[in-house]
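here's a sequence, model it:
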Amino acid sequence: MDSQKLTLTEIAELPRQGKRIAMVTAYDAASARLADAAGLDVLLVGDSAAMTVLGHDSTVPVTMEEMLMLTRAVARVTRRALVVADMPFGSYQLSEDEAVRNAVRFVKDAGADAVKLEGAGRTLTRISAILDAGIPVMGHVGLTPQSVTLLGGYKARGRTAAEARRILDEARALERVGCFAVVLEAIPASVAAAISESLKIPTIGIGAGSSCDGQVLVWHDLLGMTSGHLPRFVKEYAHLSETIRQALEAYATDVREGRFPESQHTYAMPDQELARFESQLAGGTRRSADTDEPRNR
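Predicted coordinates for the structure are as follows:
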């Protein structure tokens, strides 16, 4: 596999070459290293980390500092894939200056190649300011998790003609302002197909059907590491939760019953050094942990 870093131009060219863009979330060095080696095109350091990694009930509580830490870990080991950092709630809503300042931190301090912002509307001025600073931006319309309370919960968007048209207009606005791609989340496949046909920039679907130029799934969802309800658009490609649980149970049993560690899991010392060490113990020269005086046993 070619290890050269993918560029925005190459990402944009993939759909024109008849190739779909494969994107997945990644939150640490281990997941990023595996995804990069598997040939994924884009790694999204998603604010979904708030739920999958940090245990929150929504994406809203995750902080800039937490997202920067996760992005650093992913960018540090990624050699080929484009690294996109999700700007968390509160990091761009206040002002253009705040949006640019935080976007710069993701690129300069954390090593991201681009950032992602949710929504259009007032977000367009933030995106424009970030682009003016020379930072690439990925857009996101449809179900926008940072606004889930305002939207009335985690449910599909664009199921009425009026709402579908609004999402199409938002996607077009994101393209006009300069986004290099746009995520379409939880919208009818027919609406996503119309948007994809309308735009020149790539569309990345998540619960948006097969007509998008690429797809993204959450790391824990596709690997079968999520407990509880899964969205209908998730396909589990593995069932690692059960595999991991069984491995941990086996480990705990081996420890409790004295089967681990075995000789092949331990270190030895030369016989001569071992004899000298045992002689020191027999001679009463073992020192206490909190005194310099020998301790007899």
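
so which elements touch the helix or strand where residue 44 lies?
Residue 44 belongs to strand 42-45 when elements are defined using DSSP states H and E. With contacts defined as 3 or more CB pairs under 8 Å, 6 or more residues apart in numbering; DSSP states H and E, strand 42-45 has these neighbours: strand 21-25, helix 29-37, helix 64-77, strand 82-86, strand 214-217. C-beta here means a position set from N, CA and C on the backbone, and glycine is covered the same way.

which among the ones you listed is found nearest to residue 180?
strand 82-86 (9.4 Å; CB to CB).

other SSEs contacting that closest one?
Partner elements for strand 82-86 (3+ CB pairs under 8 Å, 6+ apart): strand 42-45, helix 64-77, strand 114-116.

which of those sits most buried?
Highest mean neighbour count of the helices and strands packed on strand 82-86: strand 42-45, a mean of 28 (counted as mean count of other CB atoms under 10 Å).

what does that strand rub up against?
When contacts are defined by CB atoms under 8 Å, 6 or more residues apart in numbering, strand 42-45 is touched by residues 6, 11, 21-27, 32, 35-36, 67, 70-71, 74, 78, 81-86, 112, 116, 204, 214, 216.

cool, stretch 130-141 as well?
Residues outside stretch 130-141 that contact it (CB under 8 Å, 6+ apart): 8, 84, 92, 99-100, 103-104, 106-107, 113-120, 127, 167, 170-171, 174-175, 177-185, 204.

mind checking which of these are in helices?
When the contacts of stretch 130-141 are checked against helices (DSSP state H), the matches are 8, 99, 100, 103, 104, 127, 167, 170, 171, 174, 175, 177.

generate a PyMOL selection restricted to the buried subset of the residues you listed.
If you want just the buried ones from those in PyMOL, going by 16 or more other CB atoms under 10 Å, the selection is:
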select buried, resi 99+100+103+127+167+170+171+174+175+177
